[in-house]
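K.L.:
sequence and predicted structure, then a few things I'm wondering about:
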2 protein chains.
Amino acid sequence: MSFRYPNGKKYEPKRNLERKNVVKKDDRFSNRGMNLEEDINETNEYYRSHGIAIIHKKPTPLQIVNVHYPKRSAAVVTEAYFQKPSTTDYNGVYKGKYIDFEAKETKNKTSFPLKNFHEHQINHMKQVLSHGGITFIILRFTISNEIYLVYASDIIHFFDEKITKRKSIPKTFIEDVGTLIEIGYHPRIDYLKIIDKIISTE
Amino acid sequence: MSFRYPNGKKYEPKRNLERKNVVKKDDRFSNRGMNLEEDINETNEYYRSHGIAIIHKKPTPLQIVNVHYPKRSAAVVTEAYFQKPSTTDYNGVYKGKYIDFEAKETKNKTSFPLKNFHEHQINHMKQVLSHGGITFIILRFTISNEIYLVYASDIIHFFDEKITKRKSIPKTFIEDVGTLIEIGYHPRIDYLKIIDKIISTE
């Protein structure tokens, strides 16, 4: 027996419902690590609510062209365009220090493509370094779900090499200079644990 | 003799054209101090380009509801709403220190209305203070074009007094605890000169 919708179209159960019981290799990570931005936001919220650090993601920069002001309700932006960010996405304060970083992920298995970063962001990190801020990149390899913290100072020369035709950072290099961040439950990505090491040796 | 538009409406010269030659008291400030945000952005750009500090204004937070992706041209946000900021507008790094501030102006002559600040922003400043960041407010009285820097620590109790029905900070109090920022040409609002005093006494 088959069912039909009122429009006559035959009902067919959705494919992903059929697949419900097929356990994928990565299902144990399904609640975490699926979206780097969400995991970092959750981690920052943990840091904030536990009095550890104040670090926020900056809002997405938009060029607002048109705003509509309807009577008796909130203003609506009806035309806006995405702008390239002039800084990294995250910054804040930890133990009195200025913290500034960018987070990126790749599906690539063996290297991290440089095109993931805007030139503005690289220049921003260079400037932060020169003013004594702590700046780094959190890189996630989505296939293996490995997350590395790499200090900007260790990696920034790759972007100058962009001119010399290099298009990515080899994963082996990231493993070598970076630190693997253990994925936890709460907070999910405890990156400040790694930052502690350089603060304590100052 | 009088002129008429094609629709029959009589032509009348615009009022502000007639006033063209009337020199207002504040005309010498017409290129500066007219908009606090622009002046601070210009100042931050001066600091950045002269290697003094890296301080940026955060983008306006918007909740994006609809995005249209036309073929062969840039994505357009067609529906978005303004959100209350969860932090102050400006932050960055100066001499390795975390800098965080808000800038507000008022047409009021004798006091600064507390309603200019969101509760989130006040809580954010309290948190930044507790983590060793340098946090303050830049207040401009537009009528007299006086700009004060007031440390959050000197002013934050006023917001707790909000509960006790206080609705503004008296100007005399701001003059007392704050520092008047001299308005210059380049940079326009050299607020870091004031911050230098507390950094050098640490």
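P.N.:
Cool, got the structure. Just so it is clear, the model here is predicted, and its values are computed rather than measured.
K.L.:
what's the burial count for residue A:151?
P.N.:
20 (other CB atoms under 10 Å in any protein chain shown). Quick note: C-beta positions are derived from backbone N, CA and C, even for glycine.
K.L.:
any weak-confidence spans in chain A?
P.N.:
A:1-34, A:161-164, A:201-202 (pLDDT under 70).
K.L.:
what's the longest strand anywhere in it packed up against?
P.N.:
Within chain A, and with DSSP state E defining each element, the longest strand by residue count is strand A:97-106. In this structure, strand A:97-106 packs against helix A:36-49, strand A:90-94, strand A:111-113, helix A:119-130, strand A:134-141, strand B:90-94, strand B:97-106, with contacts taken as 3 or more CB pairs under 8 Å, 6 or more residues apart in numbering or on different chains; DSSP states H and E.
K.L.:
how about 7 Å then?
P.N.:
Where contact means 3 or more CB pairs under 7 Å, 6 or more residues apart in numbering or on different chains; DSSP states H and E, strand A:97-106 is packed against helix A:36-49, strand A:90-94, strand A:134-141, strand B:97-106.
K.L.:
and the angle from it to helix A:119-130?
P.N.:
Per axes from the mean of the first three to the mean of the last three CA atoms, to 10 degrees, the angle that strand A:97-106 makes with helix A:119-130 is 150 degrees.
K.L.:
for strand A:97-106, what is the distance to the chain centroid?
P.N.:
8 Å (CA atoms, centre = their mean, to the nearest Å).
K.L.:
now do that strand: everything it contacts.
P.N.:
Contacts with strand A:97-106, where a contact means CB atoms under 7 Å, 6 or more residues apart in numbering or on different chains, come from A:36-37, A:40, A:55, A:88-93, A:112-113, A:116, A:121, A:128, A:133-142, A:199, B:93, B:96-98.
K.L.:
just the buried ones from those?
P.N.:
A:36, A:40, A:55, A:88-93, A:112, A:116, A:121, A:128, A:133-142, B:93, B:97-98 (16 or more other CB atoms under 10 Å in any protein chain shown).
K.L.:
what's the neighbour count on the closest residue to residue A:199 other than its chain neighbours?
P.N.:
Distances taken as CB to CB, 6 or more residues apart in numbering or on different chains place residue A:95 nearest to residue A:199, at 5.9 Å, with adjacent residues excluded. Residue A:95 has 16 neighbouring residues, counting by other CB under 10 Å.
K.L.:
same check on residue A:51?
P.N.:
10.
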